[in-house]
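Colleague: Structure of the sequence below:
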Amino acid sequence: MRLIFLWLFALIGWCNAANAATVLGAEQAQYPIQSADVAMLRDSTGTLAVEDMDSPKWAAQFKAVNGSPSLGYTRDVIWLRMRIQRQEDAPSTWLLEITNPFINDLRLYSHTPAGYQAEQAGDQFAFAQRQLRFHHPVFALDFPDAGVQTFYLRMDSDSSLAAEFLVWQPEALREAAQREVFLYGAVIGMISMSFLISIIHWLHSGEKKLLQFAVLSFTALLLVATGQGLMAQFLTPTLPGIADLAVPWALALTTASVGVVFGNALAIHTDFPRVARILKLACGLALLAPLSRVLSMYNVWGGPMLQVLFMGILCTTGWMSWRRWRTHMPGAGYFFAAHLVLISSLLIGRLMLLGLLPTNTLTYMSWIPSLLAFIFLVHAGIFVDSQTVKRERDVAFVAVKTANEVLASERKLREEQTVFFSFVAHELRSPLAAIITGVQNLQDELSHVQFSALARIKRIKSAAERMGGLIERHLNLQRLNDASFLPYLSNADPRLCAEDGLRRVAAIFPEREFLHDFSADLPRVVSVDQELLMMGLENLLINAAKYSPEGSPVLLEVFADSALHFRISDRGPGIHPSQKSRPFSVFNRPQQAPLKEGFGIGLAIAQRVAVVHAGSLQYADRAGGGAVFTLAFPLNPKPSL
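Modeller: Next up is the predicted model:
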């Protein structure tokens with residue numbers, strides 16, 4: 001593997017050397033500075049002046065550069081000595097372009113009869129004050145004759161010093177500048193279009209991932225503007241500090257935006273919490289990296305760390321995109337393709353910025369079309385994912401709408417059934433009352449007939465009374481379930497209500513023993529609907545008496561704390577576990593006692609009595625077997641619908 005990399009580096013260097021020329025000819029429009037023309041000196045103290053460069057001591061310390069200068073991050077001041085000559089027929093004035101707009105301080109020294117003449121550029125030098133205004137630093141090179149001319153270039157920066165050094169004929173640079181304006185205008189226009197489309201789509205759909213992608217598009221715009229010097233040229237020509245400050249922050253914000261966008265789009269935060277924590281840490285470190293400039297440490301660890309974090313986050317989200325693509329996640333294929341395009345070009349660019357690859361047009365400019373392709377592929381992936389979510393949402397909406405229509409139909413049907421049953425119940429009350437009265441009279445008049453005939457008459461009377469009780473309970477439940485029903489509150493003695501309820505139920509079950517325990521601190525009066533209280537209490541006592549085994553007493557306890565409580569305990573079968581989720585539903589009867597008479601309405605009535613008083617009905621299993629029902633009424637009731 002090492003041999004392969006060495007071969008690649010040698011090949012790139014050979015290609016550059018093969019295209020290099022030692023002299024500037026009239027036929028050449030552009031000439032890249034190569035090792036034959038340049039030597040480098042590192043000034044670790046930053047105190048050397050251009051006059052020192054001619055001294056034998058420092059002149060001997062210049063070292064030849066292998067290929068195009070590739071410097072990366074350094075705290076040293078770099079001096080480049082360039083020796084160039086032109087042919088007799090070549091123009092006398094040429095332009096030197098340094099393709100790195102965020103080098104802080106650039107100074108070109110040209111030798112003249114009066115001494116060295118200095119020109120200054122760099123992103124800390126106001127763009128409006130430059131002699132030659134171009135988005136990259138540009139210096140004029142004068143060749144008064146065909147002899148070899150020596151130029152010194154001093155470079156000092158807390159950003160990467162990686163750059164390509166190009167010598168142009170003035171007219172050729174102007175033509176190249178026009179092409180670049182068109183190229184950058186197209187790139188910025190297309191990214192802006194993607195930004196605006198995502199904003200409009202987000203305003204329409206409200207999807208968070210679209211807003212996050214809009215932020216990513218904006219940071220990509222900022223990255224192009226700062227990375228190519230367009231911000232300093234067009235937005236802040238007189239404020240170099242702003243453009244200089246924006247350079248690391250543009251990359252930091254883009255790095256963090258990539259982590260956030262793909263963390264959400266690929267559901268990393270929900271499905272891969274460990275990876276999500278790593279991404280959050282990396283995004284946090286990326287946002288802290290630009291602050292290292294305050295400590296003058298950006299070129300030592302802030303800048304290199306930011307480059308590594310950017311590639312690390314991209315590789316992580318690219319790997320997650322590949323995993324999601326394999327599981328057929330909508331849009332993941334576009335995400336994976338976007339990562340392949342950008343990572344392959346940025347890998348070259350990062351190695352160049354770190355000084356590990358030579359700087360040329362291929363290594364320096366490949367990230368721009370790759371970034372554009374990345375933005376469009378990511379936008380396509382998010383659009384596909386959004387459309388899939390929209391289709392699923394539409395299907396769910398249709399399902400919910402259908403369910404609501406079915407529910408409305410069922411509700412209407414139940415209302416019609418309730419009206420019908422209420423009508424039937426009302427119509428049956430009078431005939432049943434007449435039947436019960438007639439059977440009672442018949443029983444009194446035929447007391448001398450055979451016992452078997454009297455037994456049949458009693459069975460008829462019992463069946464009629466049972467039917468009458470069912471109708472009465474049904475009508476009571478319908479009245480309590482009416483949304484407009486409110487209890488008629490009045491003052492009542494809870495002790496007398498309990499005693500009256502016990503007396504009535506004891507008359508129905510004369511063989512059953514009823515016990516009671518009334519607390520000594522019961523209030524003398526409470527505000528309740530006395531008729532409803534008796535109805536609920538009697539239904540609970542009847543239920544307990546009906547299902548308790550023979551010989552076991554029913555216990556009624558009445559006590560008060562923040563509410564008034566009626567607790568009824570029995571030794572019956574209780575409520576089966578399968579029915580505990582709906583113990584007070586209508587027609588819900590104990591599975592252990594299917595032969596007992598009843599319709600499962602009593603508990604529903606008691607529970608509704610509690611609700612209309614803003615109280616509650618609670619069930620609990622009794623220790624040793626049985627059931628405990630507690631009917632609670634607030635001492636200061638606020639009737640509830």
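
Colleague: going forward, measure contacts and count neighbours with C-alpha atoms only.
Modeller: OK.

Colleague: which SSE is the residue most central in space within the chain in?
Modeller: Centroid check for the chain by C-alpha atoms, centre = their mean gives residue 264 as the closest residue, at 5.7 Å. Of the helices and strands defined by DSSP states H and E, residue 264 is found in helix 240-265.

Colleague: which other helices and strands contact that helix?
Modeller: On a contact count with 3 or more C-alpha pairs under 8 Å, 6 or more residues apart in numbering; DSSP states H and E, helix 240-265 meets helix 208-227, helix 273-288, helix 303-326.

Colleague: Next, the buried residues of it.
Modeller: Within helix 240-265, the residues that qualify as buried are 240, 242-263, 265, counting by 16 or more other C-alpha atoms under 10 Å.

Colleague: re earlier: and the closest residue to the residue nearest to the centre of the chain other than its chain neighbours, how many neighbours?
Modeller: Of all residues not flanking residue 264 in the chain, residue 209 sits nearest, at 6.6 Å (C-alpha to C-alpha, 6 or more residues apart in numbering). Using other C-alpha atoms under 10 Å, residue 209 has 21 other residues around it.

Colleague: now swap in residue 531 and tell me
Modeller: Residues lying near residue 531 (other C-alpha under 10 Å) number 13.

Colleague: Helix or strand: which one has it?
Modeller: Going by DSSP H and E, residue 531 is part of helix 530-547.

Colleague: Enumerate the positions of that helix that are buried.
Modeller: Neighbour-count burial for helix 530-547 [16+ other C-alpha under 10 Å]: 530, 532-547.

Colleague: rewinding a little: contacting residues around the residue nearest to residue 264?
Modeller: By C-alpha atoms under 8 Å, 6 or more residues apart in numbering, residue 209 lies in contact with 261, 264-265, 382.

Colleague: How much space separates it from residue 265?
Modeller: Residue 209 sits 6 Å away from residue 265, taking C-alpha to C-alpha, to the nearest Å as the criterion.

Colleague: shared neighbours of these two, which are they?
Modeller: residue 382.

Colleague: Report the beta-bridge partner residues of residue 527.
Modeller: Here residue 527 sits in beta bridges with residue 491, as judged by DSSP bridges.

Colleague: In this structure it contacts residue 488, no?
Modeller: No: the pair residue 527 / residue 488 is not scored as a contact, 9.4 Å apart, by C-alpha atoms under 8 Å.

Colleague: if you count what's nearby, which of those two comes out ahead?
Modeller: Neighbour totals were compared for residue 527 and residue 488, and residue 527 leads with 18 against 13 (other C-alpha under 10 Å).

Colleague: OK, contacts around that one?
Modeller: Residue 527 touches 489-492, 635-637, counting by C-alpha under 8 Å, 6+ apart.

Colleague: Repeat the analysis, applying 7 Å as the threshold.
Modeller: By C-alpha atoms under 7 Å, 6 or more residues apart in numbering, the contact list for residue 527 reads 489-492.

Colleague: Filter those down to the buried ones.
Modeller: Buried among these (16+ other C-alpha under 10 Å): 489, 492.

Colleague: count of residues packed around residue 196?
Modeller: By other C-alpha under 10 Å, 15 other residues sit near residue 196.

Colleague: Spell out the residue ranges of the helices in the stretch 401-550 of the chain.
Modeller: For the stretch 401-550 of the chain, the helices defined by DSSP state H, counting those that start in this stretch cover 451-481, 494-508, 530-547.

Colleague: What's the mean pLDDT across the last one?
Modeller: What it means is helix 530-547. Taken as a whole, helix 530-547 has an average pLDDT of 87.

Colleague: Tell me which helix or strand comes right after it.
Modeller: Next helix or strand after helix 530-547 toward the C-terminus (DSSP H and E): strand 554-560.

Colleague: quick one: that next one to helix 494-508, angle?
Modeller: Strand 554-560 and helix 494-508 are oriented at 170 degrees to each other (axes from the mean of the first three to the mean of the last three C-alpha atoms, to 10 degrees).

Colleague: same for strand 554-560, what does it pack against?
Modeller: strand 514-518, strand 563-570 (3 or more C-alpha pairs under 7 Å, 6 or more residues apart in numbering; DSSP states H and E).

Colleague: ok, now with 8 Å
Modeller: Using 3+ C-alpha pairs under 8 Å, 6+ apart: strand 554-560 touches strand 514-518, helix 530-547, strand 563-570.

Colleague: what lines up beside that strand in the sheet?
Modeller: With DSSP bridges as the test, strand 554-560 pairs up with strand 514-518 (parallel), strand 563-570 (antiparallel).

Colleague: In terms of helix, strand or coil, where does residue 330 fall?
Modeller: At residue 330 the chain is in coil, as set by DSSP: H, G, I helix; E, B strand; the rest coil.

Colleague: Now do it against residue 217, distance only.
Modeller: Taken as C-alpha to C-alpha, the span from residue 330 to residue 217 is 21 Å.

Colleague: now swap in residue 286 and tell me
Modeller: Taking C-alpha to C-alpha, one finds residue 286 at 18 Å from residue 217.

Colleague: ok, residue 123 - contacts?
Modeller: Residues in contact with residue 123, defined by C-alpha under 8 Å, 6+ apart, are 101-105, 232, 240-241, 243-244.

Colleague: Moving C-terminal from the helix or strand of the chain with the lowest mean pLDDT, which element do we reach first?
Modeller: Lowest by mean pLDDT, DSSP states H and E among the helices and strands of the chain is helix 2-19, with a mean of 36. Downstream of helix 2-19, the next assigned helix or strand under DSSP H and E is strand 23-24.

Colleague: Note down every partner strand of that next one and its orientation.
Modeller: According to DSSP bridges, strand 23-24 forms sheet pairs with strand 77-86 (parallel).

Colleague: buried residues in the following helix or strand past the strand it pairs with?
Modeller: Per DSSP H and E, the first helix or strand lying C-terminal to strand 77-86 is strand 93-98. Neighbour-count burial for strand 93-98, counted by 16+ other C-alpha under 10 Å, picks out 94-98.

Colleague: I'd like the residues you listed written out as CSV, with distance to residue 603 and pLDDT added.
Modeller: Formatted as CSV, those follow (distance: C-alpha to C-alpha, whole Å; pLDDT from 0 to 100):
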residue, distance to residue 603, pLDDT
94, 101, 94
95, 98, 94
96, 96, 94
97, 92, 92
98, 89, 90
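
Colleague: Tell me the one among those residues nearest to residue 274.
Modeller: residue 98 (43.3 Å; C-alpha to C-alpha).

Colleague: How is the protein partitioned into domains?
Modeller: Following automatic domain parsing, the chain resolves into domains at 19-168, 175-398, 411-481, 490-634.

Colleague: Could you double-check that residue 266 lies in contact with residue 321?
Modeller: Yes: under the criterion of C-alpha under 8 Å, residue 266 makes contact with residue 321 at 7.0 Å.

Colleague: okay, and the common contacts of these two?
Modeller: residue 332.

Colleague: Tell me how many other residues surround the closest residue to residue 58 other than its chain neighbours.
Modeller: Leaving aside its chain neighbours, residue 58 sits nearest to residue 52 (6.6 Å; criterion: C-alpha to C-alpha, 6+ apart). Counted with other C-alpha under 10 Å, the neighbours of residue 52 add up to 12.

Colleague: From residue 74, how far out is residue 52?
Modeller: 21 Å.

Colleague: hang on, the earlier thing: report the distance from the helix holding residue 264 to the chain centre.
Modeller: Chain-centre distance of helix 240-265: 19 Å, with C-alpha atoms, centre = their mean, to the nearest Å.

Colleague: can you pull the buried residues of the very next helix or strand once past that helix?
Modeller: Note on helix 240-265: by DSSP H and E, the next helix or strand toward the C-terminus is helix 268-271. Within helix 268-271, the residues scored as buried using 16+ other C-alpha under 10 Å are 268-269.

Colleague: Alright, I will stop here.
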